[in-house]
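[1] Give me a 3D structure for the following:
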Amino acid sequence: MHVQNVVFLQRNNFTDNDDIKKAIMTYGAVFTTILAKFDARGYQYYQSSSVDHAIVIVGWDDDLVFSGAPGKGGWIIKNSWGSDFGEKGCMYVSYYDKTLLESTDLSSYATAIITENT
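    Numbers count the residues shown, from 1 in each chain. Reported below is the predicted structural model:
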């Protein structure tokens, strides 16, 4: 497989989300990783920096509320678990969830988007 036209997005803090939102509107989804620890509703706010699951961010809601999170807002995500989990296969991760980051150094994190593969 040959992959080309991959875009890396810088995210400097938990509310630096404009580039990710623009990429979702342009490309349809953004690939990243998380530590999957969802509650029964499919919501997540977690304070670890380790990851164990690949997901795609397909949308966002700036008004979502997550128990324990310091602010509102979250990503709408999908993964390989199918439509029986969450809300018809959609789950929600707080903007403040540290598992969306590959390290605790926010300035080093990038999200990849594959825009074409041949």
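[2] Could you list every helix and strand in contact with the helix or strand encompassing residue 24?
    Taking DSSP states H and E as the criterion, the element that holds residue 24 is helix 18-27. Helix 18-27 sits against strand 3-10, strand 30-34, strand 53-61, strand 110-117, with contacts defined as 3 or more C-beta pairs under 8 Å, 6 or more residues apart in numbering; DSSP states H and E. Placement of C-beta: from N, CA and C, glycine included.
[3] what is the mean pLDDT for the third one?
    With pLDDT averaged residue by residue, strand 53-61 scores 89.
[4] Let me see the residues that make contact with that strand.
    Contacts with strand 53-61, where a contact means C-beta atoms under 8 Å, 6 or more residues apart in numbering, come from 17, 20-21, 24, 28-36, 73-79, 90-93, 111.
[5] And the residues you listed, which of them are buried?
    Buried by 16 or more other C-beta atoms under 10 Å: 17, 20, 24, 29-30, 32-36, 73-79, 91-93, 111, out of the contacts of strand 53-61.
[6] Low-confidence bits of the chain, can you list those?
    Along the chain, the parts satisfying pLDDT under 70 run over 3, 38, 40-50, 101-118.
[7] Is residue 4 bridged to anything, and to what?
    residue 116 (DSSP bridges).
[8] Likewise for residue 87?
    Under DSSP bridges, the beta-bridge partners of residue 87 are residue 90.
[9] ok, residue 51 touching residue 93?
    No: between residue 51 and residue 93 there is no contact, the gap being 11.8 Å when judged by C-beta atoms under 8 Å.
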